[in-house]
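S.K.: need a structure here:
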Amino acid sequence: MDRGQLVDLLWYRTWYAYSAGNPPWIEIPYHVFNLFEGAAWCLFAALVLRRYLIHRRSWLELAYALAFLTFGMTDFREAYSLQTWLLWIKGLNLAILLGLRAHILGRYYPGEKLY
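M.R.: Next comes the predicted model:
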């Protein structure tokens with residue numbers, strides 16, 4: 001594998017692209033699932049923001065809400081096209097999201113288990 005192929009694989013490769021030409025038993029469930037998942041992450045972002053506005057325990061809750069929102073946005077993007085760079089961003093976003101979750105729930109909301 002030469003350098004150009006490696007860069008393509010690690011950054012630019014398109015793994016999925018929404019197309020009417022794809023078989024519907026593959027296309028429709030994947031597309032709809034990603035749209036639903038994106039909406040769910042945005043709902044979690046709204047719930048975290050609402051909780052922050054009520055309790056105002058830490059400004060990190062704003063970052064936590066933003067992490068949920070950006071994770072949802074990546075799912076909306078994934079519903080139409082998935083490239084390697086998006087996978088890297090989703091992985092980084094997930095690591096940040098889980099780190100913020102552990103810190104915020106552990107310190108400010110020890111009884112909470114969902115968000």
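S.K.: For residue 85, report the pLDDT, please.
M.R.: On the pLDDT scale, residue 85 is placed at 96.
S.K.: where's the closest residue to residue 73 other than its chain neighbours, which helix or strand?
M.R.: The spatial neighbour of residue 73 that comes closest, neighbours along the chain excluded (C-beta to C-beta, 6 or more residues apart in numbering), is residue 38 at 7.0 Å. C-betas here are computed from N, CA, C, even on glycine. Residue 38 belongs to helix 24-55 when assigned by DSSP states H and E.
S.K.: Give the other helices and strands that that helix contacts.
M.R.: helix 60-78 (3 or more C-beta pairs under 8 Å, 6 or more residues apart in numbering; DSSP states H and E).
S.K.: And the helix it packs on, how far out from the chain middle?
M.R.: 6 Å (C-alpha atoms, centre = their mean, to the nearest Å).
S.K.: Repeat that for stretch 87-96.
M.R.: 7 Å.
S.K.: buried sites along that stretch?
M.R.: 87, 89-90, 93, 96 (16 or more other C-beta atoms under 10 Å).
S.K.: Test my guess that residue 89 contacts residue 77.
M.R.: No - the criterion here is C-beta atoms under 8 Å, and residue 89 misses it with residue 77 at 9.1 Å.
S.K.: joint contacts of those two?
M.R.: Common contacts of residue 89 and residue 77, defined by C-beta atoms under 8 Å, 6 or more residues apart in numbering, are absent altogether.
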